[in-house]
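> Show me how the following folds:
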Amino acid sequence: MNAAALPWLTSLLVFFAFPLAGLVVLSLTDQAGNFSIANYASLADLSSGRLDVLIRTLRIGVMVILISLCISVPVAYYLAKIVKSTRVESLILLLVTATFLAGPLVRTVSWRGILGVHGLINEPLMQLGLIQGPILSLLYGELAMTLALVYNVFPFLLFTTYLSMKVLDDRIIAAARDLGASPASAFFRVVLPLASPGVITGAVLVFVPTLSAVLEPEILGGTSSRLMATAIRDQFFHARNWPLGAALTVVLIISGAITLTLVALVTSSILRFFGHYGLATGGTLRGK
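Alright, predicted model coming up:
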């Protein structure tokens, strides 16, 4: 083994492998310390609702990725290849980055002022007479929680996609245009496939914090929109059932890794499809 790799390997073992192994061992015990698989068996108990919480967590995680893609990819392309002024480009990136200075708690609570009973949506609609009363379903549900999650994590996808598109040689896009490609075809057949590493990396950076989100479901989700991280926290700090909390964590890690792998494979396949076939100006498919 290369001696230069020893510090990195040691760091992986100390900070990743050993804690994860301890978590797995803890999950295979009961509260008395005896070996037991009851913690994993409890997930199959539909009456506990844990399986529903897990499915909801994965579903919302995928939704956050899709919404973040719809926001980040066009904005990243606009900043990387359309905007010619470096001042405008830097200003927009600075404004996006500045939101992180407020902290996740402030950013999450701010959505209550937007979606609340007297928020920026309900109040103008009531003043205009378009609705008789506030739309109560805007707050304390999956909608508010998903919007807050997207707002908190989409910059990760935006930055990685922007960097991937920024380093692309403009001559490649110009060559595609010279060969008759429309702007849409050049984007889908050239830019997007070449920027796929940044897109997939950003999707990972968006999905992982969504799985571990606690503030958003706690503040905006309500009792019917709990996520897995909240259930894990309750087991560790409220119920004091550490083995069950460890089992839920292991299941979340494994199921999240499987879901993320599937999302990455599907995303890669779509990007390769665009690269091989592309989109014609009229919206029909055509070969190279």
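
> so how far is stretch 138-146 off the chain centroid?
How far stretch 138-146 lies from its chain's middle: 16 Å, per Cα atoms, centre = their mean, to the nearest Å.

> what is the mean pLDDT for it?
Here stretch 138-146 scores 90 as its mean pLDDT.

> Can you list the residue ranges for strands in the chain?
Ranges of strands within the chain: none, based on DSSP state E.

> Distance from the chain centre to the lowest-mean-pLDDT helix or strand in it, please.
Lowest on mean pLDDT, DSSP states H and E among the helices and strands of the chain sits helix 6-12, with a mean of 85. Its chain's average C-alpha position is 28 Å from that of helix 6-12, according to Cα atoms, centre = their mean.

> and that helix, what other elements does it pack with?
On a contact count with 3 or more Cβ pairs under 8 Å, 6 or more residues apart in numbering; DSSP states H and E, helix 6-12 meets no helix or strand. Heads up, the C-betas are built off the backbone N, CA and C, glycines and all.

> buried residues in the longest helix along the chain?
Identified as the longest helix of the chain according to DSSP state H is helix 242-276. Neighbour counts over helix 242-276 (16 or more other Cβ atoms under 10 Å) mark 242-252, 255-256, 259-260, 263-264, 267, 271, 274-275 as buried.

> What of stretch 106-124?
Here stretch 106-124 shows 107, 108, 111, 112, 114, 115, 116, 119, 122 as buried, counting by 16+ other Cβ under 10 Å.

> Contact partners for the residue nearest to the first one when sequence neighbours are not counted?
The shortest distance from residue 107 to any residue that is not its chain neighbour, by Cβ to Cβ, 6 or more residues apart in numbering, is 5.7 Å, and that residue is residue 152. When contacts are counted by Cβ atoms under 8 Å, 6 or more residues apart in numbering, residue 152 is found next to 104, 107, 108, 209, 216.

> Distance-wise, check the fourth one relative to residue 21.
Counting by Cβ to Cβ, to the nearest Å, the separation of residue 209 from residue 21 is 24 Å.

> So those two - more neighbours on which side?
residue 209 (17 against 11; other Cβ atoms under 10 Å).

> For residue 157, see how far away the more buried one is.
In terms of Cβ to Cβ, residue 209 sits 11 Å off from residue 157.

> Mind pulling up the pLDDT for the closest residue to residue 46 other than its chain neighbours?
In space, residue 46 comes closest to residue 52 once its chain neighbours are excluded; the distance is 7.9 Å by Cβ to Cβ, 6+ apart. pLDDT, residue 52: 93.

> what's the neighbour count on residue 52?
Here the number of neighbours of residue 52 (other Cβ under 10 Å) works out to 11.

> show me where the stretch 1-150 of the chain has helices.
Taking DSSP state H, counting those that start in this stretch as the test, the helices found in the stretch 1-150 of the chain are 6-12, 18-27, 38-41, 50-77, 86-98, 104-115, 122-127, 142-166.

> May I see the buried residues of stretch 106-124 organised as JSON lines, with pLDDT and distance to residue 93 added?
Listed next are the buried residues of stretch 106-124 as JSON lines, based on pLDDT from 0 to 100; distance: Cβ to Cβ, whole Å:
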{"residue": "107", "pLDDT": "91", "distance to residue 93": "18"}
{"residue": "108", "pLDDT": "92", "distance to residue 93": "22"}
{"residue": "111", "pLDDT": "92", "distance to residue 93": "23"}
{"residue": "112", "pLDDT": "90", "distance to residue 93": "27"}
{"residue": "114", "pLDDT": "92", "distance to residue 93": "23"}
{"residue": "115", "pLDDT": "90", "distance to residue 93": "27"}
{"residue": "116", "pLDDT": "88", "distance to residue 93": "30"}
{"residue": "119", "pLDDT": "88", "distance to residue 93": "28"}
{"residue": "122", "pLDDT": "89", "distance to residue 93": "32"}
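
> which one of the residues you listed is nearest residue 171?
Nearest to residue 171 among these: residue 107, at 39.8 Å, using Cβ to Cβ.

> who are the neighbours in contact with the closest one?
Counting by Cβ under 8 Å, 6+ apart, residue 107 makes contact with 99, 148, 151, 152.

> State the distance from the closest residue to residue 218 other than its chain neighbours to residue 54.
Take residue 218 and drop its neighbours on the chain: the residue closest to it by Cβ to Cβ, 6+ apart is residue 230, 6.3 Å away. Relative to residue 54, residue 230 is positioned 12 Å away (Cβ to Cβ).

> Perfect, that will be all.
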